[in-house]
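Student: How does the following fold in three dimensions:
(chains A and B)
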Number of protein chains: 2
Amino acid sequence: MNRICNLFGIKYPVIQGGMVWCSGWRLVTAVSNAGGLGLLGAGSMHPEMLQAQIEKCRSVTDKPFGVNVPLMYPEIDRLMQLIIDQKIKIVFTSGGNPKLWTQKLKDNGITVAHVVSSSKFAQKCVEAGVDAIVAEGFEAGGHDGREETTTMSLIPPVRQITDLPLMAAGGIGSGEAMLAAFALGADGVQIGTRFALTQESSGHDNYKNLCLTLEEGDTKLMLKKVMPTRLAKSAYASLIQAAEDRGASPDELLAIRGKGRAKKGMLEGDLENGELEIGQIAAQFRTQQSVADVMQSIIGGFRDGLTRLDQQVADVFGTNQ
Amino acid sequence: MNRICNLFGIKYPVIQGGMVWCSGWRLVTAVSNAGGLGLLGAGSMHPEMLQAQIEKCRSVTDKPFGVNVPLMYPEIDRLMQLIIDQKIKIVFTSGGNPKLWTQKLKDNGITVAHVVSSSKFAQKCVEAGVDAIVAEGFEAGGHDGREETTTMSLIPPVRQITDLPLMAAGGIGSGEAMLAAFALGADGVQIGTRFALTQESSGHDNYKNLCLTLEEGDTKLMLKKVMPTRLAKSAYASLIQAAEDRGASPDELLAIRGKGRAKKGMLEGDLENGELEIGQIAAQFRTQQSVADVMQSIIGGFRDGLTRLDQQVADVFGTNQ
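Tutor: Next comes the predicted model:
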């Protein structure tokens, strides 16, 4: 049996990233009901909102689901206590040191995965005793690592340093890319962008529909002096770009950014002033699909991709034998 | 038979990128003799030097080899005439419009591949009538595309728009990564970094040995306002970084850069003042290997990787049937 499926009690090793403003109960339960693992994105929820979302999930599915917690969350003690009290079984942590919370969560019977963007942090995950690792490349949407290591460059060295169950993220939204991630050494995938743009995503239609028109090169890793974040083009992104081009300081960038930009863009649909977090592969998608259709396409592409790959490799060696 | 092998008359669909200062006759013939396709890097050769290198190749191997020509080459008419006169059979062009030279080269019996970093340019390749396309991602060393699209994000859309023989480049230096590239839709791979760091590479030992100590994050795409180039850390790279952080103009950046930086770093081994072009995956290698060992490792990893992948996919579906 696949190790990711075994660890989380799911049918397919496809994790839906717990994204701010997109990963509410509708998306999470749709993914879990389709055989993957849905993750609530606690990063954009007050603890009370998270509790309501957890309750809603439980009323809609009896399948496993989890919660993603960015470790820079301001009220993290309260949030983690709520997660423990609610008897959540799966937590993905991201951004920050995996040693901070892993043991406490595990002591409470929670399976813990941590998201990293470098081998160095994967090593910290091993030392912290996590159950699984997500290694996420530069092409991913939202908050990215400072090293800018891409998924293709990142997965093999992370696999090299640990035998833990490993999920690849960044640039993965199809069965073919999932197969590529497995070839690089992953046991599963975490998919953000493609799920963010489904019908069940809680992102605003303006945001989703704009992302579905993006071309290659229309997202960019910005705000590197502050907190590297991949954003879709927008009036706001152009402001940031201009500031960065003229050498703006971290403080200036933070001032331009202000507060609540992601909420404004992704939840409220303000395409001028909002921050629109999305990955490079948005350029590959043109319609809002249902989660069921997305999962079928990914799993079908994964299975068919292997058949094609078997033939491709045979073609390479066939004439040499 | 594999289409890349068929097109170029080679045993394995592994192309050695025609890199400035690294891709001389020793590297090229070692790769071609090992069953891949070696490419002379004309970008760092005067026409007379290229002629001498071609003659040297022919004295050492009867296997196919080719020439890489960056289309911004200053004496390009003379260079192309030399290539035609020398009856070179394979030319890879890069940087610039594939329509400029493809027809002329093909009229002279030359097989033409063009290197792109976007689907848009892949479409131009189709219109120009090239025989094959190299799609190269953000993680690659040296000159990169402005869109910053990674190999994982780039190969599927390029495959989508054309059925031409397609080679993936950027982040590929192992059989596992080659397998991943095939899963994404490539028919072959172009490998730069790993070959640049072999014993047969004409790069200076200082340059090669420095690159073999790099960690993740130690290369960076710089000079984006001028000509995006992935460089290893060095005193010179720090100068550029500081200038970019303070918002230096394109002219200032060009002034800091001056002339001959890549030659100084990569050929002459000046690690302080030279430009050290190398890809992200340098972090995966620690010793100067022979080309024969590298080829054996890549081809072996490609073959063994498929066996492992077949099992991994069976593990996913095994319990669901």
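Student: Could you list the buried residues of stretch A:8-28?
Tutor: A:8, A:10-28 (16 or more other Cβ atoms under 10 Å in any protein chain shown). (Glycine included, C-beta is placed from N, CA and C.)
Student: Roughly how far does residue A:171 sit from residue B:95?
Tutor: Separation of residue A:171 from residue B:95 (Cβ to Cβ, to the nearest Å): 24 Å.
Student: Give me the neighbour count for residue A:222.
Tutor: Residue A:222 is flanked by 22 other residues according to other Cβ atoms under 10 Å in any protein chain shown.
Student: Oh, that last question was meant for residue A:205, not what I typed.
Tutor: 11.
Student: Next one: it relative to residue A:268, how far apart?
Tutor: Using Cβ to Cβ, residue A:205 is found at 11 Å from residue A:268.
Student: what's the overlap in contacts for those two?
Tutor: The contact sets of residue A:205 and residue A:268 do not overlap (Cβ atoms under 8 Å, 6 or more residues apart in numbering or on different chains).
Student: Give the helix, strand or coil label for the closest residue to chain B within chain A.
Tutor: Across chain A, no residue is closer to chain B than residue A:247, which sits at 2.4 Å (Cβ to the nearest Cβ). Secondary structure, DSSP: H, G, I helix; E, B strand; the rest coil: residue A:247 is coil.
Student: and stretch A:133-149, how far apart are its ends?
Tutor: With Cα to Cα, to the nearest Å applied, stretch A:133-149 spans 16 Å between its terminal residues.
Student: Pull out the buried residues from it.
Tutor: Applying 16+ other Cβ under 10 Å to stretch A:133-149 flags A:133-145, A:147-149 as buried.
Student: now stretch A:302-314
Tutor: Counting neighbours by 16+ other Cβ under 10 Å, stretch A:302-314 gives A:302, A:305, A:306, A:309, A:312, A:313 as buried.
Student: show me the residues around the nearest residue to residue A:38 once chain neighbours are set aside that make contact.
Tutor: Nearest in space to residue A:38, with sequence neighbours left out and distances taken as Cβ to Cβ, 6 or more residues apart in numbering or on different chains, is residue A:28 at 3.2 Å. Contact partners of residue A:28, counting by Cβ under 8 Å, 6+ apart, are A:16, A:38, A:39, A:40, A:53, A:57, A:65.
Student: Same check on residue A:174?
Tutor: Neighbouring residues of residue A:174 by Cβ under 8 Å, 6+ apart: A:194, A:284, A:297, A:298, A:301, B:156.
Student: hmm, try it at 6 Å
Tutor: residue A:301 (Cβ atoms under 6 Å, 6 or more residues apart in numbering or on different chains).
Student: again with the one 4 residues further on
Tutor: By Cβ under 6 Å, 6+ apart, the contact list for residue A:178 reads A:189, A:302.
Student: Got the phi and psi for residue A:15?
Tutor: In terms of degrees, to the nearest 10, the main-chain angles of residue A:15 are phi -100, psi 140.
Student: does it really touch residue A:37, like I thought?
Tutor: Yes - the pair residue A:15 and residue A:37 qualifies as a contact (Cβ atoms under 6 Å) at a distance of 4.7 Å.
Student: Strictly from the record, what residue spans define the domains of chain A?
Tutor: Under automatic domain parsing, the residue ranges defining each domain of chain A are A:3-203, A:205-281.
Student: Would you agree residue A:194 is in contact with residue A:171?
Tutor: No - Residue A:194 is beyond contact range of residue A:171, at 10.6 Å (criterion: Cβ under 6 Å).
Student: Who has more neighbours out of those two?
Tutor: residue A:171 (33 against 24).
Student: I'd assumed that one was in a strand, is it?
Tutor: No - applying three-state DSSP, one finds residue A:171 to be coil, outside a strand.
Student: And the pLDDT at it?
Tutor: If you check residue A:171, the pLDDT there is 98.
Student: sorry, back to before: including distance to residue B:230, could the domains of chain A go into JSON lines?
Tutor: Supplementary listing: the domains of chain A in JSON lines, determined by distance: least, Cβ to Cβ, whole Å:
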{"stretch": "domain A:3-203", "distance to residue B:230": "10"}
{"stretch": "domain A:205-281", "distance to residue B:230": "14"}
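Student: quick one, which of those is packed in tightest?
Tutor: Ranked by mean neighbour count, the domains of chain A are led by domain A:3-203 with a mean of 23 (mean count of other Cβ atoms under 10 Å in any protein chain shown).
Student: ends of that domain, how far apart?
Tutor: So domain A:3-203: terminal residues 31 Å apart, Cα to Cα.
Student: now stretch A:251-264
Tutor: 21 Å.
Student: From the chain's centroid, how far away is that stretch?
Tutor: How far stretch A:251-264 lies from its chain's middle: 22 Å, per Cα atoms, centre = their mean, to the nearest Å.
Student: can you list contacts of that stretch?
Tutor: In contact with stretch A:251-264 (Cβ under 6 Å, 6+ apart) are residues A:20, A:226, A:239, A:243, A:270, A:273, A:274, A:275.
Student: Of those residues, which belong to helices?
Tutor: A:239, A:243 (DSSP state H).
Student: Mind putting the contacts of stretch A:251-264 into JSON lines with distance to residue A:47?
Tutor: Formatted as JSON lines, those follow (distance: Cβ to Cβ, whole Å):
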{"residue": "A:20", "distance to residue A:47": "15"}
{"residue": "A:226", "distance to residue A:47": "26"}
{"residue": "A:239", "distance to residue A:47": "33"}
{"residue": "A:243", "distance to residue A:47": "34"}
{"residue": "A:270", "distance to residue A:47": "26"}
{"residue": "A:273", "distance to residue A:47": "27"}
{"residue": "A:274", "distance to residue A:47": "24"}
{"residue": "A:275", "distance to residue A:47": "23"}
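Student: can you name the two of the contacts of stretch A:251-264 that are farthest apart?
Tutor: A:20 and A:243 (22.8 Å; Cβ to Cβ).
Student: got the angle between the longest helix anywhere in chain A and helix B:291-318?
Tutor: Longest helix of chain A, by residue count under DSSP H: helix A:291-318. Interaxial angle, helix A:291-318 versus helix B:291-318 (axes from the mean of the first three to the mean of the last three Cα atoms, to 10 degrees): 140 degrees.
Student: Pretty sure residue A:11 sits against residue A:35.
Tutor: Yes - taking contacts as Cβ under 6 Å, residue A:11 lies within contact range of residue A:35: 3.5 Å.
Student: hey, what's the residue lying closest to residue A:195 once chain neighbours are set aside bridged with?
Tutor: Closest residue to residue A:195 apart from its sequence neighbours, by Cβ to Cβ, 6+ apart: residue A:16 at 4.6 Å. Taking DSSP bridges as the rule, residue A:16 bridges to residue A:191.
Student: OK, contacts around residue A:16?
Tutor: A:31, A:38, A:39, A:195.
Student: Narrow those to those in helices?
Tutor: A:31, A:195.
Student: Tell me which two of the contacts of residue A:16 sit farthest apart.
Tutor: Across the contacts of residue A:16 (Cβ to Cβ), the longest gap, 9.8 Å, separates A:39 and A:195.
Student: Quick check: phi and psi at residue A:116.
Tutor: phi -130, psi 160.
Student: can you pull up the bridge partners for it?
Tutor: Assigned bridge partners for residue A:116, using DSSP bridges, are residue A:135.
Student: That one against residue A:124, yeah?
Tutor: No - using Cβ under 6 Å, residue A:116 is not in contact with residue A:124; the gap is 7.8 Å.
Student: what does the stretch 201-321 of chain A put close to chain B?
Tutor: Within the stretch 201-321 of chain A, the residues that sit near chain B (Cβ under 6 Å from any Cβ of the partner chain) are A:216-217, A:246-247, A:280-281, A:284, A:305-306, A:309, A:312-313, A:315-316, A:319.
Student: Identify the farthest-apart pair in the residues you listed.
Tutor: Among those, A:246 and A:319 lie farthest apart (Cβ to Cβ), at 57.4 Å.
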